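K.L.:
With the sequence up front, the predicted model follows.
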Amino acid sequence: MDQMPRLEDFPNRAYDKLRYGDTDRQGHVNNAVFATFMETGRVEMILAANEEPLLEDGYSFVVAKLDINYLAEILWPGTVDIGTRVVKVGRSSVTMQQAVFQNGVCCATAETVVVHFSQATRKSHGFSEAQRARLLPTEMASV
């Protein structure tokens, strides 16, 4: 992401409520909680994508990469908005860009890669044609 993203840049949106327990000694939301925000965004996209989950029986997604850039602190109380978009679809992986916002301010960005995983073989598994057809229309170039 070359320039500061806006929530409107993301077709998939979610939110999380901040908890007092999310804070650290400095009084802001702890950096580890940002990974939870990214999880909320990607899981909602994968499991509730247009009310038709991307997962098929016997498969799941596992995180292969999570690279978070911390841009601003997040303060309790309140909520955060999470934006997620697909930027690349591989044979068995999806690369997503994500961002977390509080009160309209982008507080973090992330690149997340998840791998389509067979629960039977415990190995990566290529996407079905139906999954690929649903993922590819959302693929877009990085901004």
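P.N.:
In hand now; what should we look at?
K.L.:
all contacts plus neighbour counts: C-alpha atoms, from now on.
P.N.:
OK.
K.L.:
need the longest strand for this protein.
P.N.:
strand 105-118 (DSSP state E).
K.L.:
helix/strand/coil for the residue of the chain positioned farthest from its centre?
P.N.:
Distance from the centre of the chain peaks at Arg25, with 26.7 Å (Cα atoms, centre = their mean). State at Arg25, reduced to three classes by DSSP: H, G, I helix; E, B strand; the rest coil: coil.
K.L.:
give the contact list for Ile82.
P.N.:
7, 13-16, 37-38, 40-41, 98-101 (Cα atoms under 8 Å, 6 or more residues apart in numbering).
K.L.:
which among the residues you listed gets closest to Val63?
P.N.:
Taking Cα to Cα as the measure, Val63 sits nearest to Met38 out of the contacts of Ile82, at 11.0 Å.
K.L.:
Check the secondary structure at that closest one for me.
P.N.:
helix.
K.L.:
Please report how far it lies from Phe127.
P.N.:
22 Å (Cα to Cα, to the nearest Å).
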